[in-house]
Every structure is written in C-alpha cells, then in structure tokens.
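Engineer: Fold the stuff below for me.
(chains A and B)
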Amino acid sequence: GEDVEQSLFLSVREGDSSVINCTYTDSSSTYLYWYKQEPGAGLQLLTYIFSNMDMKQDQRLTVLLNKKDKHLSLRIADTQTGDSAIYFCAETKAGGFKTIFGAGTRLFVKA
Amino acid sequence: DVKVTQSSRYLVKRTGEKVFLECVQDMDHENMFWYRQDPGLGLRLIYFSYDVKMKEKGDIPEGYSVSREKKERFSLILESASTNQTSMYLCASRTTLASTDTQYFGPGTRLTVL
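Structural biologist: So this is what the prediction gives:
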C-alpha cells in the first residue's frame, strides 16, 4: 500500500541540529522530497533525492536515504527560529502522476 | 520563478452554496493538482489534470468537481458546500519536461463552511 509516515512534532533549541524522520512503503518510488510550509503559506520545495542516491547535502540541509529500511531523514544544522514550520516528506512513484505526502512534522525552535 | 496563484486566501461560505476555487499558473505546466490539507492528515489529493480538458479523480473526489478549460487555469468546484469541507485547499502544478517531478504550490485558500 501507499503510506508515508512522520512524527507530528519536534522541538529543538536554537543552534542545535534537527533531524526529521520519515518512512515510506513504496519501493518503486523514484523521487523523495522534503517540503516546508510556513504559517499561512503553501508548500515550498526544500530538497529532493533520487531513489538511487544515499545522501544529498545542500548548505545546512542533509538528506539521508536508507532504501533497505525505506527510511528518509532531513537534518537541519544550526537550526534557527526561522526554521520553525511544518516539514512534509513526500514520494513519487516511477512514471506516476501521484505524489504521496506524509502528515507533516511541526518543528518548534526554542530561542 | 514558477508562480502559482489562488483566487482567495480566505473564504467563508454557507452550507449548500456553490463554491469556486480558482488556481492559475504561469509556467505552461501540463499537470495541475488540487489537495486539501487537514491537521494530522497531511495533504490528500482531490483531483488532478494532466492536460487541458483532462481530469482524473484523486483519493477523495466526493463532493467536488473540477474544470480545466485553459492550460494555465484549474478550478475546483464544491457543488453544494458542507461543513466537512471546511479545510485548507492547496493547488499545485508540475511540468513533465523537467528532470524531477517537483510540484509547485500556491499559497492556499482557507475555506470555512458555516
């Protein structure tokens, strides 16, 4: 079946690293995404990874993919108050139209 | 930059009213999507369109219909609004010509049905 699961909340102190985790079930997924949603706004693509990669780094963001366990994580280094938002994990099947989204993880950053 | 706009940020309607939500994208994308977002449920796909005049049901199409007469515009229609359709509605578009399947989202319309 299709399912993307994430924990609903994460709280960190400013300056610490945040790690948001996600599990997915579809082994034929081609792309795995992380989107960010700030209050009152739509979703903004943060980063993506192809399913044939293990890791992708983009400035403060590191994405790790464990295909065996179908586990995706997003690490935000030096978390800032401006990183407070909801983070969605998503997957797209190879050749498909649908993107399956997780329920979102709300990140709280304490000053 | 891709721009996806939605006609209203906030909308309040009464039960039984017909409601139109409009979405416009300016990047000539083939695919467009309508989602609703509810706390703890994430995004659920209502309908999508892979080209002009083409539409496909998503996971929760009941109570909704769509229209795509022009490539840049995708409308979501609530024929007779009900209180359980109170939600945040997000439109997205995507091109099939890019190297990724990235969807670009509008800012959302928060609909309240009284």
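
Engineer: you'd agree B:Lys53 is up against B:Glu69?
Structural biologist: Yes - counting by C-beta atoms under 8 Å, B:Lys53 does reach B:Glu69; the two are 7.0 Å apart. (C-beta placed from N, C-alpha, C; glycine too.)

Engineer: where does the chain dip in pLDDT?
Structural biologist: This is for chain A. Along chain A, the model assigns pLDDT under 70 to residues A:1-2, A:94-95.

Engineer: Hmm, no, I was thinking of chain B.
Structural biologist: Short version for chain B, where the test is pLDDT under 70: B:1-2, B:97-100.

Engineer: Strands of that one, start to end?
Structural biologist: For chain B, strands defined by DSSP state E occupy the ranges B:4-6, B:10-13, B:19-25, B:31-38, B:42-51, B:54-57, B:64-70, B:73-78, B:87-94, B:104-105, B:109-113.

Engineer: before we move on, what about chain A?
Structural biologist: With DSSP E, the ranges of strands along chain A come out as A:4-6, A:9-13, A:18-24, A:29-37, A:43-50, A:55-58, A:61-66, A:71-76, A:85-93, A:99-101, A:105-110.

Engineer: before we move on, back to that, dump the strands of chain B to CSV, plus distance to A:Arg75 and mean neighbour count.
Structural biologist: As requested, those are exported to CSV (distance: least, C-beta to C-beta, whole Å; neighbours: other C-beta atoms under 10 Å in any protein chain shown):
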stretch, distance to A:Arg75, mean neighbour count
strand B:4-6, 29, 18
strand B:10-13, 35, 14
strand B:19-25, 32, 19
strand B:31-38, 25, 23
strand B:42-51, 21, 20
strand B:54-57, 36, 14
strand B:64-70, 38, 16
strand B:73-78, 35, 20
strand B:87-94, 26, 24
strand B:104-105, 23, 22
strand B:109-113, 31, 18
